[in-house]
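Undergrad: Using only what follows, build the 3D model:
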Amino acid sequence: MTAIHPVILCGGGGTRLWPVSRKALPKPFLPLLGEETLFEQAVRRVAGDDRFAPPIVVAGADHADLIEAQLGPASGARLVIEPAARNTAPAIALAAALLPEDAVMLVCPSDHHIADTDAFRASALAAAALAREDHLVSFGIAADRPETGYGYLRRGAPLAGGYAIREFVEKPDRARAEAYLASGEYSWNGGIFAFRAGHLLAELAAHRPDMARLVAEAVAGGRWEGARFHPAPAPFAAIAGDSIDYAVMENTARAAMVPADMGWSDIGNWAALAEALAGEADGLGNVVRGAVDLADCRDVFATTDGPRISAVGLEGVCIVVSDGEVLVTTRDGAQGVGKLPGAMSQ
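TA: Predicted coordinates:
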């Protein structure tokens, strides 16, 4: 069977993990869980298995050297340098245009945590089988709580190894999230996809013809520099950016999903990181890194790269000290960190 081609997306600045995540060294390239960075973990998930080809990594020029350093010399990876940030649909289309039409591509964000690699690979194989039948496939992440920070997928008719997608649902309020969870019909939309490259480009041409044309022009006018591909800057910069969800997935009649219960987290903010590190918590739910003293605290996440953090009587709070910056937020408020002046101006 033809190998699956992983496409690892390295866009985004990880501003909700400020002040540790910064433009020069954003979230994917940080060792937030263990000694490996999230990007290194994403690469390792599909390494050493002949069912997966060497990855294509799509990223901006600012992080190209960093990516190649973390890939190592023997990865066999190709690196596509985006001339401008235009969201996920053009980034994925660039990779698709560099692959044979019948190649199955597995699109993975570079900054997610997946605890169970075997479960991930099993879902990837099921998704690839559906993609070969020209379904456009999302991973439907098993929902274990009424999360209001994620989009949802509603399952439709059964397919071999998965389901048709009956409905895409935007981030719900708490009451609707609880109803989704209770119904058992909904999964989280984790932003992991499988497509046949030629079919994805055909669907893009049908639903976003200008984007498809400009991506094709950028690839036709591009050039290889070793393992790096540089699309032509002018046509790519002219693209009106859009996510793959809005550009294709919510418009196609061939949307499908495979269930994925694999210990997934997007590590989207400090509260999500604290949840992913729950195995390190003390008996009161506190997770600490560095010089931290807590007294009478519960469910506190505290990390420092030097100065001591001392806290008394706090509950449900994240405290982060990094490179001279201090952040204090409730876990509920962690989604808003990226809108702070420090995060936006770094």
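
Undergrad: All the helices of the stretch 151-300 of the chain, residue numbers only.
TA: 174-183, 197-207, 209-220, 233-237, 244, 270-276 (DSSP state H, counting those that start in this stretch).

Undergrad: For residue 79, which of those helices is the nearest?
TA: Smallest distance to residue 79 across the helices of the stretch 151-300 of the chain (Cβ to Cβ): 14.6 Å, for helix 209-220. The way it works is simple: take the backbone N, C-alpha and C, and place the C-beta from them, glycine included.

Undergrad: Could you say which of the helices of the stretch 151-300 of the chain is packed most deeply?
TA: helix 244 (a mean of 24; mean count of other Cβ atoms under 10 Å).

Undergrad: Show me what it is packed against.
TA: helix 88-97 (3 or more Cβ pairs under 8 Å, 6 or more residues apart in numbering; DSSP states H and E).

Undergrad: got the CA coordinates for the helix or strand that comes right after the helix it packs on in CSV?
TA: For helix 88-97, the succeeding helix or strand toward the C-terminus, using DSSP states H and E, is strand 104-109. Output of strand 104-109 as CSV, limited to C-alpha atoms (Å, rounded to 0.1, in the frame of the first residue of the first chain):
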residue,chain,number,x,y,z
VAL,A,104,-2.8,10.6,0.6
MET,A,105,-1.8,13.4,2.8
LEU,A,106,-2.2,13.4,6.6
VAL,A,107,-2.3,17.0,7.8
CYS,A,108,-1.2,17.6,11.4
PRO,A,109,-0.6,20.7,13.4
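
Undergrad: roughly how far is the following helix or strand past strand 104-109 from the heart of the chain?
TA: For strand 104-109, the succeeding helix or strand toward the C-terminus, using DSSP H and E, is strand 113-114. Strand 113-114 has its C-alpha centroid displaced from the chain centroid by 9 Å (Cα atoms, centre = their mean, to the nearest Å).

Undergrad: what angle do the helix or strand following strand 113-114 and strand 104-109 make?
TA: Sequence-wise, the next helix or strand downstream of strand 113-114 (DSSP H and E) is helix 117-132. In terms of direction (axes from the mean of the first three to the mean of the last three Cα atoms, to 10 degrees), helix 117-132 departs from strand 104-109 by 130 degrees.

Undergrad: packing partners for the helix or strand following helix 117-132?
TA: Along the chain past helix 117-132, the next helix or strand (assigned with DSSP H and E) turns out to be strand 136-141. Secondary-structure packing of strand 136-141 (3+ Cβ pairs under 8 Å, 6+ apart): helix 117-132, strand 152-159, strand 162-169, strand 186-196, helix 197-207, strand 255-260.
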